[in-house]
Each structure stands twice: as structure tokens, then as C-alpha cells.
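In: Pasting the sequence and the predicted model now:
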Amino acid sequence: MDNPTPVSQALAQMNIPHREFRHLGQVRSLDQAAAERGQQPEQIIRSILFRLSADEFVMVLMAGPQQIDWKTLRHYLGEKRLTTASEEEVRRITGYERGAVAPFGLPMPLRILADESVFVPEEVSLGSGVRGTTIILSSADLRRALGDIEMVRLGKDNS
């Protein structure tokens, strides 16, 4: 790529194999994004930023359409209350816009939790730091790049 995205640059510095994929138009849904990438929705990793207090945030990685069980997340974090970060907070803490957030190339260290569903597919995609562009890589390489993160079961049990 002539102009690699911030996440691509961060992964390249770690020697993590990956590729960028640019959508031709605006992405309006998870299903559309997956179809254009030749993937299933479960292969798209969402990076969701939560505010625990005025100056404490945590990022949760979740696969595809799966919903986070808020009660489980609050219990795991030992918090009575938490909220998703506002658009302004997402930009300030990650440097990225919603829809382009990833756990790499962040301006400051951030606690990251990954739902175990993230590593089920062999290949996944996640934000690149630039809207309309994604990073595609193997889940094994994603796990290697993330290093020592907290693995948690946070998905809602739909049974």
C-alpha cells in the first residue's frame, strides 16, 4: 500500500503478516462489510471502548454480531456502572473514529479484553484506523500481536 493505515503500520513494526482491504463505498452493516470482504460476520472483530470512570477506559474485542453481556462485563471488571465511550472519547483515547477502532497504534496503553469468540475463525478482520479500510489477518497472528491480553467470556448466552 502506498499509504498504509495506522494499524497496518503498527502491525508491520511487530512483523505481523496482514493485508488491507478498502471498501468501495460506505459500509452500512456488519453483513455488508463481511460480504464485501469475502467473510462471515463472525470474522469481523469489533473493538468497543467502555468508560469506567472519568479517566479510565477499557477496550473489549468481540466477534461479529455477538452482543456483550453487560452484567458479566461489570462483574469481571468489579464495576457497578460502565458506559460505552462517546464519539469524542473514542477519538481522544484511541485516535480513531468509531468504525475504524482497533487495539493497535493507540496513543497510550489501554487495558484490552478479548472475548474468546474472537479467536474461533481462522481469518479475521478489524479496524485499520481509517474508515472504509480494514485489516485482514489470521486469528493466530492477531493473538500474537495482542500479546498478554485478558481472555474473557463476555458474550450473551442465547440458549
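Out: Looks like it arrived, so ask away. Numbers count the residues shown, from 1 in each chain.
In: and the most centrally placed residue in the chain, what helix or strand is that in?
Out: For the chain, the residue nearest the mean C-alpha position is Ser47 (2.5 Å; Cα atoms, centre = their mean). Assigned by DSSP states H and E, Ser47 belongs to strand 45-53.
In: helices and strands around the helix or strand that that strand is followed by, which ones?
Out: Where DSSP H and E defines the elements, the next helix or strand beyond strand 45-53 is strand 56-63. Other helices and strands packing on strand 56-63, by 3 or more Cβ pairs under 8 Å, 6 or more residues apart in numbering; DSSP states H and E, are strand 45-53, helix 87-94, strand 111-115. C-beta here means a position set from N, CA and C on the backbone, and glycine is covered the same way.
In: What pairs with strand 56-63, parallel or antiparallel?
Out: strand 45-53 (antiparallel), strand 111-115 (parallel) (DSSP bridges).
In: which parts of the shortest one are buried?
Out: When you say that, I think you mean strand 111-115. Ile112, Leu113, Ala114, Asp115 (16 or more other Cβ atoms under 10 Å).
In: Near the closest residue to Ser138 other than its chain neighbours, how many other residues are there?
Out: Of all residues not flanking Ser138 in the chain, Glu123 sits nearest, at 5.7 Å (Cβ to Cβ, 6 or more residues apart in numbering). Counted with other Cβ atoms under 10 Å, the neighbours of Glu123 add up to 16.
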